[in-house]
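Colleague: return atomic coordinates for the entry below.
(one chain, ligands or ions: 1)
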Amino acid sequence: MKKVIILGSNGQLGQTVKRFTDIEPGEFQFFSRKELDITDKKSLIGVFKDSGFDYCINCAAYTNVEGAETHTEDAFSINAEGAKNIAEVCNIYQVKLIHISTDYVFDGNKEKPYTTAETTNPINQYGKSKLQGELYIKAQLNAYYIIRTSWLYSLHGKNFLKTIIGKIESGASLNITTEENGTPTSCIDLAAFILHIIKTDSVPYGIYNFSAKGSTTWYGFAKEIVKNLSPENSSMITPTDSFKTVAKRPKFSVLNLDKTEEFYKELNTWQESVRLMVSSYKSQIS
Ligand SMILES: NC(=O)c1ccc[n+]([C@@H]2O[C@H](COP(=O)([O-])OP(=O)(O)OC[C@H]3O[C@@H](n4cnc5c(N)ncnc54)[C@H](OP(=O)(O)O)[C@@H]3O)[C@@H](O)[C@H]2O)c1
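Modeller: All right, here's what the predicted structure looks like:
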């Protein structure tokens, strides 16, 4: 039976992983930011020492893309130095690290999905801090999985799907951008892939892309949410090509899934995963 530590367990991915582990065999120990701060290496050592963990899942991150432009030190302290601390501690105690990274390590100037071998060139502080975290991990460890994912959503915490549902239910009309192309990814799908890595214990170490199949814009994503939630409200969503943000965003950040599909056959289309998530939301409120 594997012994697994999960960091950042109160985030949307952390909470989703927690739900899965209720039904998976293994010993899972969850730590929220309050319980274990990844910027505090001494505390990490205190928890890892003598623990016998086989895997560490790092769901902890500074994820406010807009905030990272002004709170750049915080973003680097958590996404870069925090990741470095975890890698160092995993190295000392021989723990395999599963770390989550982002499509925002790319500049978005391509028009074909990014493979894991593609050159990185982040264009905002969040992406830069996440890339620095990746580099620290690679420098420190052989036994790592860096999973780059995109546009995460769930029924936990803050995310685009929950924002759209909230706005539509309050009767607000919305202008949503068509400027960016990417792939919405359900935390449930990503959590299943993470647990597949642990269960099989045979996926080769390295960088993986993980998203649903296909791609869309934020406008397309919003339309799909409303189509499943309350199709009669579809006209409340209108497209716009100008949406002002503080942080620059890659115009195209679709991830190539070929390498992941060699080891994992369960990828959904993004539309199917949105349908399942909205249906789960509806059954929760009914
Ligand atoms: N959200 C997306 O669209 C997206 C897209 C691509 C990649 N990712 C990556 O996917 C991963 C999971 O993201 P998510 O959406 O689940 O993020 P999230 O909901 O913002 O959760 C992040 C968690 O990390 C915790 N945290 C922050 N600083 C910490 C620290 N110093 N020590 C310990 N915990 C700390 C936060 O705690 P507090 O709540 O107390 O601050 C929060 O619970 C992250 O690595 C993120 O970069 C996310």
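
Colleague: show me where this protein has its strands.
Modeller: Under the criterion DSSP state E, the chain contains strands at 3-7, 27-31, 55-58, 96-102, 144-149, 152-153, 174-177, 185-186, 206-210, 237-240.

Colleague: dump the ones you listed to TSV, plus distance to the ligand, mean pLDDT and mean neighbour count.
Modeller: All C-beta atoms are positioned from the backbone trio N, CA, C, and that covers glycine. Listed next are the strands of the chain as TSV, based on distance: least, Cβ to the nearest ligand atom, whole Å; pLDDT from 0 to 100; neighbours: other Cβ atoms under 10 Å:
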stretch	distance to the ligand	mean pLDDT	mean neighbour count
strand 3-7	6	97	23
strand 27-31	7	96	18
strand 55-58	7	98	26
strand 96-102	4	98	25
strand 144-149	5	98	23
strand 152-153	4	98	24
strand 174-177	15	95	16
strand 185-186	7	98	24
strand 206-210	9	98	21
strand 237-240	19	95	16
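
Colleague: near the ligand, which residues of the stretch 51-200 of the chain are found?
Modeller: Proximity of the stretch 51-200 of the chain to the ligand, by Cβ under 6 Å from any ligand atom, involves residues 59-63, 78, 82, 100, 102, 130, 149-152, 157.

Colleague: nearest to the ligand: which residue in the stretch 1-150 of the chain?
Modeller: Taking Cβ to the nearest ligand atom, the ligand has its nearest neighbour within the stretch 1-150 of the chain at Gly11, 1.9 Å off.

Colleague: need the nearest residue in space to that residue, chain neighbours excluded.
Modeller: Counting by Cβ to Cβ, 6 or more residues apart in numbering, Gly11 lies nearest to Cys59, which is 5.3 Å off, once chain neighbours are set aside.

Colleague: how many neighbours does the one you found have?
Modeller: Neighbour count of Cys59, defined by other Cβ atoms under 10 Å: 26.

Colleague: contacting residues for it?
Modeller: Cys59 is in contact with 6-9, 11, 13-14, 17, 100, counting by Cβ atoms under 8 Å, 6 or more residues apart in numbering.

Colleague: repeat that with 6 Å
Modeller: 8, 11, 13-14 (Cβ atoms under 6 Å, 6 or more residues apart in numbering).

Colleague: same thing with Glu24?
Modeller: Residues in contact with Glu24 (Cβ under 6 Å, 6+ apart) are Leu195.

Colleague: same deal with Val105?
Modeller: Contacts of Val105 (Cβ under 6 Å, 6+ apart): 120, 122, 127, 131.

Colleague: which of those residues ranks first by neighbour count?
Modeller: Gly127 (29 neighbours).

Colleague: quick revisit: helices - which of the residues of the stretch 51-200 of the chain next to the ligand land there?
Modeller: Residues of those located in helices (DSSP state H): Lys130.
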